[in-house]
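Undergrad: got a predicted structure plus its sequence, pasted below:
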Amino acid sequence: MHPVALVGAAGGRLAHYAVSGVVGGLIIKGAAKRLPEAKPAARKALVGGIANGIVAGRWLASAAEEARLKAGDMLAEARTTLGEEVPPPSAVSVDDHDHGHEH
């Protein structure tokens, strides 16, 4: 994955959690002003919602990784069917290693 994409994904997650926290804080403040006894219940509901969001995010990441692996398996099978040699998933090409310095 491109480094910019990784930074963007991390930034998106941080922004999501920050916005969730601010909105949650405002909801709790509003509930605390209107109904002082509702504060613990509102906080519990908000924490439960955030926890469910984290679990859903983990599930989506797992599903995406599984889909990526299955797609790679099908691509390898298709190449094998065509008689091509399938490189291992972590193969890194070192041909044409000339990039301006000596080793």
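TA: Arrived safely. Residues are numbered from 1 along each chain as shown.
Undergrad: in the protein, which spans are helices?
TA: For the chain, the helices defined by DSSP state H occupy 3-34, 39-81.
Undergrad: as CSV, the ones you listed with distance to Pro87 and mean pLDDT would be great.
TA: For every residue, glycine as well, the C-beta is placed using N, CA and C. Formatted as CSV, the helices of the chain follow (distance: least, Cβ to Cβ, whole Å; pLDDT from 0 to 100):
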stretch, distance to Pro87, mean pLDDT
helix 3-34, 23, 68
helix 39-81, 9, 87
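Undergrad: out of the ones you listed, nearest to Pro88?
TA: Among the helices of the chain, the nearest to Pro88 by Cβ to Cβ is helix 39-81 (9.5 Å).
Undergrad: for that closest one, packing partners?
TA: If you count contacts as 3 or more Cβ pairs under 8 Å, 6 or more residues apart in numbering; DSSP states H and E, helix 39-81 packs onto helix 3-34.
Undergrad: hang on, the earlier thing: in TSV: the helices of the chain, plus mean neighbour count.
TA: What follows is the helices of the chain, written out as TSV (neighbours: other Cβ atoms under 10 Å):
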stretch	mean neighbour count
helix 3-34	11
helix 39-81	11
